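**Student:** Sequence and predicted model, in that order:
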Amino acid sequence: MMIGIQQPARQHKEDSRGSVGCLVSLDLSNTQRQLVMAQLYSSTWDLQGCPVLTQVLVVAGQLPAATSAYITACCCHAGDYDYGQVLDLSFMFYEAQRSGKLPKSNRIKWRGDSGIDHAYNGRDVTGGWYDAGDNVKFNLPMAWSAGVLAWSIVDFAKGYQAAGELATALDNLKWVTDYFIKCVGDGTEVVVQVGNGNQDHAVWGRPEDIVGPVPAYAVTRDRPGSDAVGAMGAALAAAAVAFKGVNDAYSAQLTDAATKAYNFASTYLGKYSDSVSDAANFYRSSNSKDDVAFNALWLYEATGKDAYKQAGYDWYMKHYKDEDGPGVWDNFDWDSNSWGAVILLNRYYPNDALLQSRISGFIKSWTQGSNWVQFTPKGLAYSGPWGSLRHVGNALFLMKAYLAGAQKVPANVQNSIDCAVKKQLGYILGDTGRSFVIGYGTNPPQRPHHRSSSCPPMGQACGWDYFNNPGPNPHTLYGAVVGGPGSSDDYVDARNDYIKNEVATDYNAGFTGALAAAAEGLQCKAGLSDGDSSNSTQTQSSTQAPEAELKTQSPESPQVSAAQPVPGIAQSTSTTAAAANTTAAADVPAVTAAPAPAAPTSKAPPAAAAAAAAAGHPAGAATTLEPSQKNSTTDATAEPAAAATQIPSP
């Protein structure tokens, strides 16, 4: 449930060692705060001497004695960070990615209006985010990112509020959901991409300089895309929940658009990358029924209609059986809303052993390691080379979302998750001696693979010379998380390394949600076991690579009107969702827990052992400036996607 927006004043956002957040909470004058901060950030100051400093200031009569111990405990620990400040920076990155006519409140002064002529058959599709270091609007990863941000606002509103970032979060979310409403339209032709990836990647320049219209691509009943449309519907429905009590009229508008998206996605089954050939070169999808399930579950949250909850359950089970659910790797990302569906379903069906098994396997991977996740020498939970840090941020958010909605989680599991969040955020923010967040902390990246920030001020020409410039980007892309280091903590701040040094809206999504969760407080206690994090007997683990082939069976799913009660949705078996909530896994409709598949023989992370790396990005050295399959879940040498299967209207 959303809480009212009460934005506390935030001060001294330039902090990079985690001290400002606690100082603001103390009953100190601005002069006293500035005195402490001046000492903390002087060129000779070392945090090791922080307790001594506070005592000196108390003795000198410059600080009240009652606050000394608290300052020492709260502000004088290396590895403690001001999560609220990083949240603000992360939203500055999203604002730097905006397409369309920028508002008067625009904080990114080196950006201007762009893409103001974006249209599909005369329909306005301006707005949204440019995807990464390029100038294309890819709706599948954009929808996943917006859905995660909306979910984080729903679950961790108190964290956003404590950081003074709730209004900023909602404003950034609305920027992209306004765009999705335009893309969904009347629900018959849904726009899923604006811009051509191959054409865009042939140019190094800012979006403001693009002359003339760019192509826009839509999916239809004859060329379906239930994955992209379902993901958009999920983001719209989650945003509808986030805006309840804040802007109820807008929440209703979001729910209506989410319903149209669900009706399309659940009726016309197919992968959008089979319908849009350019998308297949960059964000090739490997499944779709998990996205439809996610859409249904968020519509249940938005409307309270039980039929959506049942539909979400049924669609997830169809995904599990038909799209190799057991082989979905332990990464929550744009190509795997499967994990999001599992976490939401566990809230409704806490006794479902299959769901419990999936969750416990995921938590164990990210807190202890597995065939999917291994730890680098410096402690990063590492699941593959391409965008290694985004997978970490996504996993941290998902585990905290599990805690936010689960029932009766053992104390050691909670502790393991909170300790993982603290440690992994610490790695990203600077515990190893460098930050991986641009514009924050010690030795942050200065040369991200990002077109507009690498260009000179507007009015000056930009081209490949600026790509090849060995110096820092002229503009600081505050808050962006770069791809991240390799398995040996290896990282070079080089603009031509799009594997480790590109940025993307999906790279920041889970990271932002994890920051909001951490802003509510972390309970990482010494002495609690970080051993087996399972909260049930583990009967299933994700240790099998996903199959490339999909079955084409399409379940029946009726049209649903936002203004009418949900019609009955066909169930897999006679067992109802309510019964599933109180019965053992053996009684789960149409699904029995499969035996754990054999683990891969390679001890390396599966992304390193296979050509499909990091849940969506091809592995291996690239010989071009940018990959031909930027986020593909298939081998870079895979055969072209087959033509989309036409599915008749029910």
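**Tutor:** Sure, I can see it.
**Student:** Report the mean per-residue pLDDT for stretch 395-412.
**Tutor:** Averaging pLDDT along stretch 395-412 yields 96.
**Student:** Any buried residues in it, and which?
**Tutor:** Of the residues in stretch 395-412, those buried by neighbour count under the rule 16 or more other C-beta atoms under 10 Å are 395-404, 406, 412. All C-beta spots, glycine's among them, are computed from the backbone N, C-alpha and C.
**Student:** average pLDDT for stretch 355-366?
**Tutor:** This predicted structure assigns stretch 355-366 an average pLDDT of 96.
**Student:** Convert the C-alpha atoms of that stretch to CSV, please.
**Tutor:** Taking C-alpha atoms only, stretch 355-366 is exported to CSV below (Å, rounded to 0.1, in the frame of the first residue of the first chain):
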residue,chain,number,x,y,z
LEU,A,355,7.4,-21.9,-5.7
GLN,A,356,9.2,-22.3,-2.4
SER,A,357,11.8,-24.5,-4.1
ARG,A,358,12.4,-22.0,-6.9
ILE,A,359,12.8,-19.2,-4.4
SER,A,360,15.1,-21.1,-2.1
GLY,A,361,17.3,-22.1,-5.0
PHE,A,362,17.6,-18.5,-6.2
ILE,A,363,18.5,-17.2,-2.7
LYS,A,364,21.0,-19.9,-2.2
SER,A,365,22.7,-19.0,-5.6
TRP,A,366,23.0,-15.3,-4.7
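**Student:** CA atoms only: put stretch 307-324 into CSV for me.
**Tutor:** Output of stretch 307-324 as CSV, limited to C-alpha atoms (Å, rounded to 0.1, in the frame of the first residue of the first chain):
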residue,chain,number,x,y,z
ALA,A,307,-9.6,-14.2,-11.8
TYR,A,308,-6.4,-12.3,-12.6
LYS,A,309,-4.6,-14.1,-9.7
GLN,A,310,-5.7,-17.5,-11.0
ALA,A,311,-4.7,-16.5,-14.6
GLY,A,312,-1.3,-15.5,-13.4
TYR,A,313,-0.9,-18.8,-11.7
ASP,A,314,-2.0,-20.7,-14.8
TRP,A,315,0.2,-18.7,-17.1
TYR,A,316,3.2,-19.3,-14.9
MET,A,317,2.6,-23.0,-14.9
LYS,A,318,2.2,-23.0,-18.7
HIS,A,319,5.5,-21.1,-18.9
TYR,A,320,7.1,-23.6,-16.5
LYS,A,321,6.0,-26.6,-18.6
ASP,A,322,6.1,-25.2,-22.2
GLU,A,323,9.0,-22.8,-22.0
ASP,A,324,11.4,-24.9,-19.9
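**Student:** Could I get the average pLDDT for it?
**Tutor:** According to the model, stretch 307-324 has a mean pLDDT of 96.
**Student:** same question, stretch 484-493
**Tutor:** Stretch 484-493 carries an average pLDDT of 97.
**Student:** got any ranges where the chain has weak pLDDT?
**Tutor:** Counting by pLDDT under 70, the chain shows low-confidence ranges at 1-79, 527-650.
**Student:** Show me which residues of stretch 263-273 are buried.
**Tutor:** Of the residues in stretch 263-273, those buried under the neighbour-count criterion (16+ other C-beta under 10 Å) are 263-273.
**Student:** so what's Asn198 up against?
**Tutor:** The neighbourhood of Asn198, defined by C-beta atoms under 8 Å, 6 or more residues apart in numbering, consists of 278, 281.
**Student:** so which strand or helix has it?
**Tutor:** Counting by DSSP states H and E, the element that carries Asn198 is helix 197-201.
**Student:** so how far is Gly133 from Gly340?
**Tutor:** 26 Å (C-beta to C-beta, to the nearest Å).
**Student:** How about the contacts made by Gly185?
**Tutor:** The neighbourhood of Gly185, defined by C-beta under 8 Å, 6+ apart, consists of 123, 191, 260.
**Student:** Touching, the first one and Tyr179? I think so.
**Tutor:** No. Distance between Arg123 and Tyr179: 11.9 Å, which falls outside the contact criterion (C-beta atoms under 8 Å).
**Student:** Those two: who's more crowded?
**Tutor:** Tyr179 (27 against 15; other C-beta atoms under 10 Å).
**Student:** Please, where are all the strands along the stretch 201-350 of the chain?
**Tutor:** Taking DSSP state E, counting those that start in this stretch as the test, the strands found in the stretch 201-350 of the chain are 216-219.
**Student:** and what of the stretch 351-500 of the chain?
**Tutor:** Taking DSSP E, counting those that start in this stretch as the criterion, the stretch 351-500 of the chain carries its strands at 374-375, 381-382.
**Student:** Out of those strands, which is the most enclosed?
**Tutor:** Scoring those by mean neighbour count under mean count of other C-beta atoms under 10 Å gives strand 381-382 as the most buried, with a mean of 25.
**Student:** List the buried residues for the helix holding Asn198?
**Tutor:** The neighbour-count check on helix 197-201 (16+ other C-beta under 10 Å) flags 197, 200-201 as buried.
**Student:** rewinding a little: turn the strands of the stretch 351-500 of the chain into CSV, including distance to Ala526.
**Tutor:** Converted to CSV, the strands of the stretch 351-500 of the chain look like this (distance: least, C-beta to C-beta, whole Å):
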stretch, distance to Ala526
strand 374-375, 19
strand 381-382, 20
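**Student:** Figure out which of those strands is closest to Gly521.
**Tutor:** Judged by C-beta to C-beta, the one of those that comes nearest to Gly521 is strand 381-382, at 21.4 Å.
**Student:** Sheet partners, orientation included, of that closest one?
**Tutor:** Taking DSSP bridges as the criterion, strand 381-382 pairs within the sheet with strand 374-375 (antiparallel).
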